[in-house]
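Asker: Need a 3D model of the sequence below.
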Amino acid sequence: MATTPRGDADRHHERLWSIAGRWATDGHVIADPPVPVTGFDTYEVLAGGYFLVHHVDVHVGDQSVRAIEIIGEPDPTSDGFLARSFDNTGSWEVMQVTVDDEACSASLAALTSRRQPTRWTEGRQASDRR
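Answerer: Numbers count the residues shown, from 1 in each chain. Next up is the predicted model:
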């Protein structure tokens, strides 16, 4: 597969940098009844600045979930990005990522998934940076 060298990231990708760091996660899966999600998420800027590597270490209810995501592929349908996620249960997901520049936050929406059922979550992340 051919790759194109790009040099330093452009302003569009620099928007991703605002969520870099370690975050305490507290939320729930939208279900009846809601299932709690707690743990930590770490976002690292990959060398070159075009992608974030997202390490997920959370509990969804009683289940430990470890995952890795790569965020930064341009979304051809919006001003956002695509993220590809792979977890310790063998599930994978492609999501749309929208970055709120003013709030230093990002929202995700699943596009495709090999996870039954797709986990839709609501919650918050608080910075755990020291």
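Asker: Only C-alpha atoms from now on, for both contacts and neighbour counts.
Answerer: Noted.
Asker: shaky segments in this structure?
Answerer: For the chain, the stretches flagged by pLDDT under 70 are 1-8, 101-130.
Asker: how about the helices in the protein?
Answerer: 11-14 (DSSP state H).
Asker: So which residues of it form strands?
Answerer: 21-29, 35-45, 52-60, 63-74, 81-87, 92-100, 105-113, 121-127 (DSSP state E).
Asker: got CSV for those, with distance to R15 too?
Answerer: Shown next, in CSV, are those (distance: least, Cα to Cα, whole Å):
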stretch, distance to R15
strand 21-29, 14
strand 35-45, 11
strand 52-60, 11
strand 63-74, 10
strand 81-87, 10
strand 92-100, 7
strand 105-113, 10
strand 121-127, 17
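Asker: Would you mind saying which of those lies nearest D10?
Answerer: Of all the strands of the chain, it is strand 63-74 that lies closest to D10, at 11.6 Å by Cα to Cα.
Asker: who touches the closest one?
Answerer: Strand 63-74 is contacted by residues 13, 16, 50-59, 80-89, 97 when judged by Cα atoms under 8 Å, 6 or more residues apart in numbering.
Asker: can you tell me the distance between the two ends of stretch 40-60?
Answerer: 12 Å (Cα to Cα, to the nearest Å).
Asker: List the buried residues in that stretch.
Answerer: For stretch 40-60, the neighbour count (16 or more other Cα atoms under 10 Å) marks 40-45, 49-60 as buried.
Asker: And for the residue nearest to V60 when sequence neighbours are not counted, the neighbour number?
Answerer: Once flanking residues are discounted, V60 sits nearest to V37: 4.6 Å by Cα to Cα, 6 or more residues apart in numbering. Using other Cα atoms under 10 Å, V37 has 22 other residues around it.
Asker: My guess is V37 contacts H28. True?
Answerer: Yes. Counting by Cα atoms under 8 Å, V37 touches H28, with 4.9 Å between them.
Asker: shared neighbours of the two, anything?
Answerer: Counting by Cα under 8 Å, 6+ apart, the residues touching both V37 and H28 are V60.
Asker: Just give the nearest non-adjacent residue to T89, would you?
Answerer: T89 sits nearest to V65 (Cα to Cα, 6+ apart), 7.8 Å away.
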